[in-house]
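# one predicted model, sequence on top.
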Number of protein chains: 2
Amino acid sequence: MLMVSACSMTLTLAARADEGMWLFNQPPRQMLKERYQFDATDPWLEHLQKSSVRFNSGGSGSFVSEDGLLISNHHVGADALQKVSNEKTNYLRDGFYAHSEAEEIKCLDLELNVLQSIEDVTARVNAAVPKDLDPAKAFLARRKVIAEIEKESLDKTGLRSDVVTLWQGGAYHLYRYKRYTDVRLVFAPEQQIAFYGGDPDNFEFPRYDLDICLFRAYENGKPVHVKNYLRFSTAGAQVGDLIFVSGHPGHTSRLLTTAELEYYRDVALPYRLSTLKRLEVLLGTWSARSQENARRARDDFFGVQNSRKAFDGRLAGLLDPDLFGQKAKEEADFRARLAGKPEFADAAAAYDKIAEATRVMATQAKRYRLLEQGAAFNSESFGIARTLLRAGEERPKPNGERLREYSDSSKESLELGLFSEKPIYNDLEILTLSDSLTFLATELGPTNELVVKALAGKSPRERAVELITQTKVRDVAFRKKLYEGGASAVSAANDPMIELARLVDPEARALRKVMEEQDETKQQAHAAIARARNAILGTSGYPDATFTLRLSFGTVKGYEEDGKQVLAFTTLAGLYERAKEMQNKPPFDLPPRWEKRKSRLDLKTTYNFVSTADIIGGNSGSPVVNRAGEFVGIIFDGNLQSLSWDDVYSDKQGRATSVSSPAIVEALNKVYDAKDLANELVNGRRK
Amino acid sequence: MLMVSACSMTLTLAARADEGMWLFNQPPRQMLKERYQFDATDPWLEHLQKSSVRFNSGGSGSFVSEDGLLISNHHVGADALQKVSNEKTNYLRDGFYAHSEAEEIKCLDLELNVLQSIEDVTARVNAAVPKDLDPAKAFLARRKVIAEIEKESLDKTGLRSDVVTLWQGGAYHLYRYKRYTDVRLVFAPEQQIAFYGGDPDNFEFPRYDLDICLFRAYENGKPVHVKNYLRFSTAGAQVGDLIFVSGHPGHTSRLLTTAELEYYRDVALPYRLSTLKRLEVLLGTWSARSQENARRARDDFFGVQNSRKAFDGRLAGLLDPDLFGQKAKEEADFRARLAGKPEFADAAAAYDKIAEATRVMATQAKRYRLLEQGAAFNSESFGIARTLLRAGEERPKPNGERLREYSDSSKESLELGLFSEKPIYNDLEILTLSDSLTFLATELGPTNELVVKALAGKSPRERAVELITQTKVRDVAFRKKLYEGGASAVSAANDPMIELARLVDPEARALRKVMEEQDETKQQAHAAIARARNAILGTSGYPDATFTLRLSFGTVKGYEEDGKQVLAFTTLAGLYERAKEMQNKPPFDLPPRWEKRKSRLDLKTTYNFVSTADIIGGNSGSPVVNRAGEFVGIIFDGNLQSLSWDDVYSDKQGRATSVSSPAIVEALNKVYDAKDLANELVNGRRK
């Protein structure tokens, strides 16, 4: 499943085949014209852009009716479904359908963004950072000017304004978004059918998932009326069709140097996988103890399993000598072209600078992940405690000097998360905090000074129980009081979890500083490489993914695997065959409703399909549209062979996986008796 | 579950409460007399000793009828059940009952040992190792004399003869065993009831497991007639009863120095847990893909989960400052008593020697585990390939100079394993080998010279497929040919897996040599400490566990947890209540037969019970006997609080868990219609 996974690190990519996650302000017009005789006009692009939605919880979606109806994946909606469920109602597992506007449920702390405009601010950003400034000062200067640009834009337009670093530092663009924070649940199927086949079939194809979730955006207590939404195609896509994907790929590493990829391959991914597998066993075994445990941990557990499978696939790609050899050869060839050319001296020198910065970052990575990224204190409570502590310290500072997430332009989003009424469970908190304190003690050693202080003379389990039962940060009113009261109120509260965050903060901040400065060095080096690349290879191309809106394109097309042809489409009939083959045992069991309604369904209806569109985690929920810009499907996954796309795209076997539009209408009408909703999709408005 | 887990590293233990895993030749007679007014006579002890059985696959058991009937745990029998199952019949999952002698199924490569005698050979061993010999030479001299003693004993008695290192080098005893290698399956319940509650309830109490498996020992094609077997008590044990456990605890670390415990806490256990969790995710996700996958991986998967839960518990104990502080204080107090006493100068110096040897071993541990212990090549095929390679090289050497597992006295056991017809599955082999080659590449780095050679220019997955599909070592005839042909035949076969083993062997052997020499240093140091301890504290005590027969004792007794009293016994009624509470969902679902037969059962029958007897992994299947030496239950587990017993025994909450004898008879009669078998148990002979 294509959620964004945290794990992030510029240059122009030379696109191969249908490769490319293109910027909407630099679309591949010529390529589309030459290869597909398709004219990507400005109105066509603008309509698709403004119909596309970013789910800030980690995915993508699109408007599909003028009455603010939105579609995304069930696994993107899972976060929202989890937060509005409780011991009695398990919407995540059992599904949900609002038969009327009144029944639509408001999601907690969900923010959607719709991109309104893009402005290139590279010149202004770079002008504020004098050449040859040392990285520490350069970082501060860059952060300051970015905060200024964002604040100005926010004040002027009222739109969320984010400066995005593209090409790893080669360019800076200002993205302005319309924000929606009143988002309501309309429909979700049972998780059993949305995630049919579970972890075993995740990232596999053929596939049989109804991975959809429908929402409605509200403003001032009423559904919004939107001008831009996608017309729904009841015919769907056909084999060989040109299709487009408009969504928010989280990150890719295609422009990284081999030194950076080696770091991923040899250090970052193995370490991350080890911690993921630890967490998978922890949450899996705890979930097995009771249905209620399983419910509480469900969304986290899914996220961990999903990332584990994706990273295992990515690591396998990087350990393939052919794939890595190809990357290394491209780099060597390009460096050979730079050699001896004074005008590219900075680019030629950049590789060693990046390697050195990567080496320095690698020495700090473990402590950074433990202390600054919170892996040592894995709990919602710690995250809240630290936010309260830092908000108290950061907000009195000038806007341009704060940690980025406390800037004026980030204020609304920060508060949305901080004051969320989402449920937090003490037992799950104790479980994850005990485990992560154990991890801290074994990673740094139980006699390490910071560890001794953090554990306060107790075993990890005892300390976790003490912290979770004594902290008050799970009370939203308490949070508001401390946030409004500032540093003195935070200090006066003497909350044990906040005091733990305070204990760790000097070292956490110092580690972050090292990482940010090395990253600044890398950005400057990558900018030099990007300039040389543009000069030598031309400017066409696309930057690595940054969880911002991108356009991909491709063809609906099967592939060959182990000598057999895998067809591009599955059908509803295939779902029932798969269930039979797997004896209807979990996770291959059909929801009862699907068993009962089988005879009503047109089993020839196309269900899931694959295409060569270039996607990655974050594209989950992205609309798939045809030449006419009509919604023909929704991205929810890639196959196993696509898992190396983080580093290298290849359409030999790699494919993006979607739910086809006809299956959505068929299921809503015949399985869920949701005719009004199906009609709204088909007609583009409520009756 | 109390299986032996690999992970092993002396001194006399001062026993607290019912602590102690006592040698049968040094039983705690006085303690039993004083504390329980019990007289452990020689005949009583000899009878118990000769009724006790070691399962070399990793557990314990006992004779329970004169016709060679044996009882152990289902999870000890799991290895045998797995090996005689196939795609059509899944005895491990579904259970088995031989209605007649003809239906009893011969187990593959299962060796049972019954201890006949113990002889103290310390003086002879030490006499062969001159004082002040350097550790490398001392190790060789000690190995040589041990091989001689074993060979002489084997030739003289025909009995399996093992010299056992006790008190970490403080003493050497020669154990002579009668071997049984024709062992047949008689009865196993469904795994669902044997391991009721699965991983979530593993190591928990209250508990409801019928964790039993019955076998029969044969010789010359007929059931053996044994003189020593345990009389079965249909009354079972009562709260407050003195009980004894006679079994084979695998290993404990109670006499280790704090330097050694720190190594476990900070390095060995975290590393081991990380690799276990990796394997748990691998096998778990693969098992979820199909019922047949689940069947193939079942026993391995259980073993991994079981070790993971046990080690997590042990690590939590070592990270408890109270527990570790107690160990550190005891050591400091004892060292203070040694200080300034010339007669104990060697003991006083021993601690630093042990710390230094531990440090050296720690530097090699990762490579040792990968290369010599085979963690980098996790597959049955690699194990067989290496055995063939090494057998060819070792067997021409003089007996005393071989790697220990190739000595004359080990020959029969080695061949039993090597020529086993047990099923090996290519798909599972490729799975585990791919994963472990990936682990090798990330642990040593893909550019490491040995890694490059081992992977032969391929990705881990490609290389695993190549090795597993091309090797012939899964053909037993091929193995016999190479084993009999010796080194030249092994070389001429040019088998890719054997050649991989050859590639790795120089470094693997070098690593083993370092470990063995450091271990020799530690043995000498521990022997000095043991002498001082005996001189200062007296000779009463027991050595750390060594998977040899030990006597434990204790009381049937509940405990307090979170302010509530946990009763010593559960009943059959409790089983049905637990199933209801957990909505009969896996792993808390009852086998259909247990649902149907509920009304026939006396639900007041005692089912599982806890006692203070001192046990550890390897004690699985140990008989629990009363003062009269009657079988009143069978050990199958310890509670969570017993998981720190590896390092420190405490009966505050820690308990051993058993199936009660009345429940066994009740289930055989009323659930399984196995009246003949129940009668054989009750009468001690077949009708």
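Arrived safely, thanks for sending.

# what residues does the stretch 451-600 of chain A have near chain B?
A:455, A:457, A:458, A:459, A:460, A:461, A:462, A:582, A:583, A:585, A:587 (C-beta under 8 Å from any C-beta of the partner chain). For the C-beta atoms, the positions are set from N, CA and C on the backbone; glycine is no exception.

# repeat the analysis, applying 10 Å as the threshold.
A:452, A:455, A:457-462, A:581-583, A:585-588 (C-beta under 10 Å from any C-beta of the partner chain).

# which of these has the most neighbours?
residue A:460 (25 neighbours; other C-beta atoms under 10 Å in any protein chain shown).

# check what pLDDT the residue nearest to that one when sequence neighbours are not counted gets.
In space, and not counting its chain neighbours, residue A:460 is closest to residue A:437: 3.7 Å by C-beta to C-beta, 6 or more residues apart in numbering or on different chains. You'll see residue A:437 listed with a pLDDT of 98.

# wait, a helix at residue A:437?
Yes - assignment of residue A:437 by DSSP: H, G, I helix; E, B strand; the rest coil places it within a helix.

# ok, how many other residues are close to it?
Residue A:437 - counted by other C-beta under 10 Å - has 27 other residues nearby.

# likewise for residue A:43?
Neighbours around residue A:43, by other C-beta under 10 Å: 8.

# how close does it get to residue A:629?
10 Å (C-beta to C-beta, to the nearest Å).

# now do residue A:669
24 Å.

# now do residue A:644
For residue A:644, the distance to residue A:629 - C-beta to C-beta - is 31 Å.

# again, but for residue A:323
On the measure of C-beta to C-beta, residue A:323 and residue A:629 end up 35 Å apart.

# got it, and residue A:163?
29 Å.

# looking at the two, which has the bigger crowd around it?
Shown here are residue A:163 and residue A:629; by other C-beta under 10 Å, residue A:163 has more neighbours (23 against 18).

# which residues touch residue A:673?
With contacts defined as C-beta atoms under 10 Å, 6 or more residues apart in numbering or on different chains, residue A:673 is in contact with A:97, A:99, A:593, A:597.

# re the thing from before, list the contacts of the residue nearest to residue A:460.
A:376-379, A:451, A:454-455, A:458-464, A:467, A:500, B:319.

# swap the cut-off to 7 Å and go again
Taking C-beta atoms under 7 Å, 6 or more residues apart in numbering or on different chains as the contact definition, residue A:437 lies against A:376, A:455, A:460, A:463, A:464.

# likewise for residue A:360?
residue A:518.

# and what of the one 4 residues further on?
With contact set as C-beta under 7 Å, 6+ apart, residue A:364 has these partners: A:511, A:514, A:515.

# out of those residues, who's nearest chain B?
Of all the contacts of residue A:364, residue A:511 has the smallest distance to chain B: 21.7 Å, by C-beta to the nearest C-beta.

# mind listing the helices for the stretch 1-150 of chain A?
Here the stretch 1-150 of chain A has its helices, by DSSP state H, counting those that start in this stretch, at A:29-36, A:42-51, A:74-83, A:91-94, A:122-127, A:135-157.

# deepest-packed of those helices, please.
helix A:74-83 (a mean of 27; mean count of other C-beta atoms under 10 Å in any protein chain shown).

# list the buried residues in stretch A:669-679.
Across stretch A:669-679, burial judged by 16 or more other C-beta atoms under 10 Å in any protein chain shown covers A:669, A:670, A:671, A:672, A:674, A:677, A:678, A:679.

# quick check: pLDDT value at the second one.
Listed pLDDT for residue A:670 reads 98.

# also residue A:16?
63.

# near chain B, which residues of the stretch 201-350 of chain A?
A:265-266, A:270, A:274, A:277-278, A:280-281, A:285, A:288-289, A:291, A:308, A:315-316, A:319-321 (C-beta under 7 Å from any C-beta of the partner chain).

# filter those to the buried ones?
Buried among these (16+ other C-beta under 10 Å): A:265-266, A:270, A:274, A:277-278, A:280-281, A:285, A:288-289, A:308, A:315-316, A:319-320.

# looking at the residues you listed, which are in helices?
A:270, A:274, A:277, A:278, A:280, A:281, A:285, A:308, A:315, A:316 (DSSP state H).

# before we move on, back to that, need the max-distance pair from the buried ones among the residues of the stretch 201-350 of chain A next to chain B.
Distances among those were taken as C-beta to C-beta; the most separated pair is A:289 and A:320, at 39.3 Å.

# including distance to chain B, could the helices of the stretch 1-150 of chain A go into a markdown table?
Formatted as a markdown table, these follow (distance: least, C-beta to the nearest C-beta, whole Å):
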| stretch | distance to chain B |
| --- | --- |
| helix A:29-36 | 32 |
| helix A:42-51 | 37 |
| helix A:74-83 | 17 |
| helix A:91-94 | 13 |
| helix A:122-127 | 37 |
| helix A:135-157 | 28 |
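
# right, and the secondary structure at residue A:350 would be what?
helix.

# ok, now which ones touch it?
Counting by C-beta under 7 Å, 6+ apart, residue A:350 has contacts A:525, A:526, A:528, A:529.

# now do the same contact list for the first one.
Put plainly, it is residue A:525. A:350, A:353, A:354 are the contacts of residue A:525 under C-beta under 7 Å, 6+ apart.

# for residue A:253, state which of these is nearest.
residue A:354 (12.7 Å).

# where's the closest one, which helix or strand?
helix A:345-367 (DSSP states H and E).

# do residue A:386 as well
Under the assignment here (DSSP H and E), residue A:386 is part of helix A:380-394.

# what helices or strands is that helix leaning on?
When contacts are defined as 3 or more C-beta pairs under 7 Å, 6 or more residues apart in numbering or on different chains; DSSP states H and E, helix A:380-394 packs onto helix A:476-493, helix A:496-537.

# need these in CSV with mean pLDDT, can you?
Shown next, in CSV, are the helices and strands packed on helix A:380-394 (pLDDT from 0 to 100):
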stretch, mean pLDDT
helix A:476-493, 98
helix A:496-537, 96
